[in-house]
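Visitor: Prediction below, plus the sequence it came from.
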Amino acid sequence: MGEQLADGSEKGLRGYAEERGVRRRVGLTPPEGAIDRNPPYKRIATEEAWTFPDLVKAQTDYLASGAAPDDPSLAMAGMFAAQPRLQEQLQNLGDLRLAHMDEYGIDRQLLLLTAPGVQVVRPGEGAAYARAANDIAAQACRDHPDRFSALAAFDPRDVAGSVKEIERAMTALKLNGAVLNSHFQGHYLDEPAYEPIIEALAAHDAALYIHPTAPAAGRIYQERGFYGALGGFPHDVWLHAMGLIFSGAFDKYPNFRVVIGHLGECLPLHLYRFDWMQNNADGVPGLRGGQPAVTLKQPVSHYFRNNIWITTSGVGWEPAIKFCMEVLGPERVLYAMDYPYQQSSDEVAAYDRMALSSEHKMMLMQTNAEQVFRLS
């Protein structure tokens, strides 16, 4: 069985564009291979997307109203909503999703409310949709406790509501962390107004998964076909993660944990240069709207090795995975598939074939996820 991707038509997001069952062989994609049906590890996939009809309707209604701001993320929501095959897979938290998991040998999915999430709906409505999303995700986990875990959604535009919802999700609902679809109308968590959200995440031992969305400077990317995974997605997460580091968030909240996907959006490749050039932003006054200077206690690489974890979503490439395990530590790299946007039995088989020690393979596929997301 070959590579199988979700249905779509937007040229700028062709990575999502082939129907299930259509084989595509390009570049470095793995050769065909059989999945090991009895591996010595569980496969826990840690960036698996979902959504629900009321949220999709709220997004598209706002987009069509003429009252919405020029928000590339909201426009992306409208594009995704027009793809029925994709929506069928995103909105199913039952038999269809479980059948696909069985097909690919996935033991457990960590459910993330897909981009752009609740942070693009009308102001004042996001908190209610976050509560609804978290209730739905929690019910799916109760219905299938051996197959699903989930991260909590929140709308960062409502800081007090986000703090309250993080507390509810982590205590009453017993979710396994939180997810934020990167920027929200060009704002990021490193800005001082949003510090209470970071404080709440740290206080509740909730790892924050920063998932990509269409970048705020969307037109620049869209004109070149780089709106999604070719450029806009990784660059926006890069800005968010580096912003958190240089804001001093990890110095102030040393147990604050962040997870980023797609093999760290290439950030691990640049640790040497980040450390070398750290003084370009470190100790510089006036940043983030005129804030006092922040001087980090550690080199940038320290935070990647102590506060940041990465997942392999969409990058089942052995040389790159081994590099990240070497420079960050094998305990900091987690397996993810990126369902339903990227799904391939051949890619799963490629993980089975990777020349890793049995200990490191177990960490990659199972135990790192159990530890980072506090999975029982």
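Guide: Now that the structure is in, tell me what you want to look at.
Visitor: List phi and psi for the nearest residue to residue 237 once chain neighbours are set aside.
Guide: Distances taken as Cβ to Cβ, 6 or more residues apart in numbering put residue 265 closest to residue 237, at 4.7 Å, once the chain neighbours are dropped. Glycine gets a C-beta too; all of them are placed from N, C-alpha and C. Residue 265 adopts backbone torsions of phi 50, psi 30, taken as degrees, to the nearest 10.
Visitor: For residue 265, list the residues it contacts.
Guide: Residue 265 sits next to 212, 233-235, 237-238, 241 when contact means Cβ atoms under 8 Å, 6 or more residues apart in numbering.
Visitor: Closest one of those to residue 221?
Guide: Comparing the contacts of residue 265 against residue 221 with Cβ to Cβ places residue 235 closest, at 8.0 Å.
Visitor: There's contact between the closest one and residue 215 in this structure, I believe.
Guide: Yes. Using Cβ atoms under 8 Å, residue 235 makes contact with residue 215 at a distance of 6.1 Å.
Visitor: sorry, back to before: what spatial separation is found between the residue nearest to residue 237 and residue 240?
Guide: 9 Å (Cβ to Cβ, to the nearest Å).
Visitor: swap in residue 256?
Guide: From residue 256 to residue 240 the distance is 14 Å (Cβ to Cβ).
Visitor: Give me the more crowded residue out of residue 235 and residue 215.
Guide: residue 215 (26 against 17; other Cβ atoms under 10 Å).
Visitor: Pretty sure the more buried one sits in a helix.
Guide: No. The assignment for residue 215, made by DSSP: H, G, I helix; E, B strand; the rest coil, is coil rather than a helix.
Visitor: what sits against residue 189?
Guide: Residue 189 makes contacts with 156, 180, 197-198, 240, 243-244, 249, as judged by Cβ under 8 Å, 6+ apart.
Visitor: try 7 Å
Guide: 156, 197-198, 240, 244 (Cβ atoms under 7 Å, 6 or more residues apart in numbering).
Visitor: Low-confidence regions, the stretch 1-150 of the chain specifically.
Guide: 1-26 (pLDDT under 70).
Visitor: at 90 instead, please
Guide: Residues of the stretch 1-150 of the chain meeting the criterion pLDDT under 90: 1-33.
Visitor: Equivalent analysis for the stretch 201-350 of the chain, please.
Guide: Scanning the stretch 201-350 of the chain for pLDDT under 90 picks out the ranges 218-219, 222, 227.
Visitor: Break down it into its helices, ranges please.
Guide: Using DSSP state H, counting those that start in this stretch, the helices assigned to the stretch 201-350 of the chain run over residues 218-222, 232-246, 249-252, 271-276, 287-290, 300-306, 318-328, 345-353.
Visitor: and the second one, what does it pack onto?
Guide: Where contact means 3 or more Cβ pairs under 7 Å, 6 or more residues apart in numbering; DSSP states H and E, helix 232-246 is packed against strand 208-210, strand 258-260.
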